[in-house]
Structures are given as structure tokens and as C-alpha cells.
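*Asks:* Using only what follows, build the 3D model:
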Amino acid sequence: MEKALGRGLARVTGSALAPYQTAVVRIGFAATWLFFLLREWPHRHELYGPEGPWGWDLAQRLVESNHAFTVLLWSDGDGWFEFVYLCAIASSVALLIGWRTRTASVLFMIGVLALQNRSVFMGDGGDNVIHLMSMYLVLTRCGQVWSLDARRRRRQNAEAGAGAGGADTGTGTDTDAVGVVLWSVLGVCLIGATVSGGFSIGWGLFFWALWAVYGAWWALGRRAPGSEARRVCDILANLAHNGALLVIVVEVCLIYATAGWYKIQGSRWQDGTAVYYPMHLDYFSPWPELNQILAGSGTMILLITYGTVIVQVAFPFTLFNRRVKNVLLAAMITEHLSIAVLLGLPFFSLAMVAADAVFLPTGA
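*Replies:* Presented below is the predicted three-dimensional model:
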């Protein structure tokens, strides 16, 4: 028992688990939010602008009551709104390609919270998932693979290995001028936001702590890459990553479990007709002919309705059986792709598929 606990602790602290899965989650959510922002570009003022239906005064009163965080309420000018919207797009691109992933994940979270908390009634279930995952990604080491950061680290390691037989250079890393400049600029921005009262105490402490940790991480990597302090930082980073990964897994399981059990209580789900009705709503019928074909078969409607409930309720209980889990995972991804096509909810479906990716086998 002690040996098993020791191996488990060593694994949790010794490495950031599921690097490919977290990379897919990072890419999936960054792409989903990026595509949404680009799709809504012509309508951005109506959705989140200061002159939108959910007006400035209403947004201020709501944020004062629920203490949500949004930088869009720092100013009611159109210029500030356009700047925040463009920054949200830029941070999504940076996170998607894995450029300065740690910083990009924080900016991505700020962009998501800024827009969604500005107009809370504009979203759907997919937006709620993006909202949560944007915060979890900040704690993960999601740029280990399939990122520009990973390519830069490989190049630096190769250069360090090539120079190992020559004169002592002091470190195996470069000066990372871009990272230093980015860190310094963000520090100035933090000072300005703090002095102007843009942060609450909690959010201010959170952002300053991240800024200080990133600076200490770079300094240790530059000045003392093999020191005990750096190894301790690696252990803490791995613990934060693996803890956030566990939270993501639990979150996705809760989403499916609660959705499935709530469906069981509905009479339309019990009699097997629930899927029939949304297929006949014009708002959810981008392909009316296809919907009519599927809705015209009572057997198909029954199978889809009961199959949806069974998969959602059963999935959390299959995590310890890899084969069954993979089968249900494929079924859920197929279900979400069907929702995207049949009901015209692409961003909700993309968000859920990105969340499902945390369960993908590494070989996939």
C-alpha cells in the first residue's frame, strides 16, 4: 500500500499528466472562442457593446450585485470596447498556437470573462463551459506539446546540448527578450489597473501573484536552472496542473451526470419523444429537410432519445473501464457533432467536444 502511494505521489509531482489531452483541450477551446468572436464580429456591438440592448447601467448594477469580473466596465467608450474585443481575438490566437502559453491563457481568461460577464444573458450552455475552462486552463501546463513554446524549448535544448562540450556559458537557456518585455509591459498594465481601482482585492491579488510567479519562474530558469528551488517550482507546477486536470475531469462528468439525471425526470424523455420537438422548431432547423427525415421515423426518435440519456448517465461510471469509456466517448462526440449539424448549435458542440477531449486515449 505504501509503495503504491509512493508511486502515485511520485507520478503526480514528477510530471504534468496527459500533455496531449490538455493540448487538445487548449486548442479546442481557443478555436471555439476565436471562431465565435469572428462569427459575431458584425454583431459585436449589439452583443457586448456599451450601446447594446443590455445597457451600461444594467451591466454595472448586475456586476455590483454578483461581483463578477469584467474589464469592459472600466470605460463606456467605443474605443475601449474595440480594444478589448481585439485583444480577446489576439489572445485566442496566441493560445491556439501555443505562443507564450502561460501569459496567453491568462489573457484568454480575461477576454472570456470580460465579454461574458458584460452581457450574461447572451450565452448558452457552451458559453458556460468556456467560462469555466478558461479559468482552469490558467493552472495547467497546456503548452507542453503542439505549441510554439514546445518548439522553442526543443530548439533551446538542442543549442544547449550542442554547446555542452565547449566553454561554460553559465546557463542552457537564452535571454528570452520577448518574454521579459511582455512580462514588463503586463506589469505596467497591472500597476495602472490597480491604481485606477479596476481590480477588486481578490482579483488584484490573483493577477499580481501570477505576475510574480511568472517572473520568479523565469529568473530561476535563467539563473539557477538546476537548483533545488527550481525543482520545487516544477513540483508545485505539476501539482497545480494535475489538480486542475482532475477538476476538468470532474466538471465534465458532473455536466453529463446532471444533464442525464434531469432528463430522466422529464416526461418527454421518459416516453422517448423529447428529441422530436426541437427538430420542428425553425430556430433549430438549419437543414429542415434532414430534420424531417429523422423526425419522420418514430423508431429513430426513440433510439436517439433513450440513447442520449443512457450515454450521459452511464459515462461517469465507465471511467475505470477504458474500452467502454472509449465507446461512450465516441458516442458523445458523435452526439455533439449531430447537434451542431441538426440543431444549428456549432459553438456549443465545439465546446463540449473540446471538453470531452480530456478523456481521449493518448494514442488517439
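*Asks:* Could you give the backbone dihedrals for W54?
*Replies:* Backbone torsions for W54, taken as degrees, to the nearest 10, come to phi -80, psi 90.
*Asks:* for this protein, longest helix please?
*Replies:* The residue-count maximum for a helix in the chain (DSSP state H) belongs to helix 228-264.
*Asks:* Show me what it is packed up against.
*Replies:* Applying 3 or more C-beta pairs under 8 Å, 6 or more residues apart in numbering; DSSP states H and E, we find helix 228-264 packed against helix 2-14, helix 19-39, helix 125-137, helix 201-223, helix 298-314, helix 346-356. Using the backbone N, CA and C atoms, a C-beta is placed for each residue, glycine as well.
*Asks:* mind redoing it with 10 Å?
*Replies:* Using 3 or more C-beta pairs under 10 Å, 6 or more residues apart in numbering; DSSP states H and E as the contact test, the elements touching helix 228-264 are helix 2-14, helix 19-39, helix 125-137, helix 201-223, helix 267-270, helix 298-314, helix 322-342, helix 346-356.
*Asks:* for the helix or strand where S105 lies, which positions count as buried?
*Replies:* Here S105 sits within helix 101-118, counting by DSSP states H and E. Residues of helix 101-118 classed as buried: 101-118 (neighbour count, 16 or more other C-beta atoms under 10 Å).
*Asks:* Kindly report the same for stretch 332-339.
*Replies:* For stretch 332-339, a neighbour-count test (16+ other C-beta under 10 Å) marks M332, I333, E335, H336, I339 as buried.
*Asks:* Count residues in the vicinity of the closest residue to the third one other than its chain neighbours, would you?
*Replies:* Which is E335. Nearest non-adjacent residue to E335, counting by C-beta to C-beta, 6 or more residues apart in numbering: T308, 6.3 Å away. Residues near T308, counting by other C-beta atoms under 10 Å, number 21.
*Asks:* got it, and N66?
*Replies:* Other residues near N66 come to 9 when the count uses other C-beta under 10 Å.
*Asks:* Equivalent analysis for A4, please.
*Replies:* By other C-beta under 10 Å, the residues close to A4 number 8.
*Asks:* tell me the pLDDT at it?
*Replies:* Per-residue confidence (pLDDT) for A4: 77.
*Asks:* so how far is A10 from it?
*Replies:* As for A4, its distance to A10 is 11 Å (criterion: C-beta to C-beta, to the nearest Å).
*Asks:* List the contacts of the closest residue to Y136 other than its chain neighbours.
*Replies:* Spatial nearest neighbour of Y136, excluding adjacent residues (C-beta to C-beta, 6+ apart): A244 at 4.9 Å. For A244, the contacting residues are A16, T22, M133, M135, Y136, L137, V138, L139, T140, R141, C142, by C-beta atoms under 10 Å, 6 or more residues apart in numbering.
*Asks:* Now for the closest residue to M135 other than its chain neighbours: which residues touch it?
*Replies:* Spatial nearest neighbour of M135, chain neighbours left out: M109 (5.7 Å); criterion: C-beta to C-beta, 6+ apart. By C-beta under 10 Å, 6+ apart, M109 lies in contact with F69, S91, L95, H131, M133, S134, M135, Y136, L137, V138.
*Asks:* farthest-separated two in those residues?
*Replies:* Among the contacts of M109, the pair separated by the greatest distance (C-beta to C-beta) is F69 and L95, at 18.5 Å.
*Asks:* More neighbours: which of the two?
*Replies:* Higher neighbour count among F69 and L95: L95, with 31 against 18, using other C-beta under 10 Å.
*Asks:* Quick one: distance of the helix or strand harbouring that one to the chain centre.
*Replies:* Assigning secondary structure by DSSP H and E places L95 in helix 78-97. Averaged C-alpha coordinates place helix 78-97 at 16 Å from its chain's average position (C-alpha atoms, centre = their mean, to the nearest Å).
*Asks:* Over to stretch 280-290?
*Replies:* What separates the centre of stretch 280-290 from the centre of its chain is 30 Å, taken as C-alpha atoms, centre = their mean.
*Asks:* Could you tell me the end-to-end distance of it?
*Replies:* End-to-end distance of stretch 280-290 (C-alpha to C-alpha, to the nearest Å): 11 Å.
*Asks:* So what's the model's average confidence on that stretch?
*Replies:* For stretch 280-290, mean pLDDT is 85.
*Asks:* Show me what counts as buried in it.
*Replies:* S285.
*Asks:* contacting residues around that stretch?
*Replies:* Here stretch 280-290 makes contact (C-beta under 10 Å, 6+ apart) with 277-279, 291-295, 339-346.
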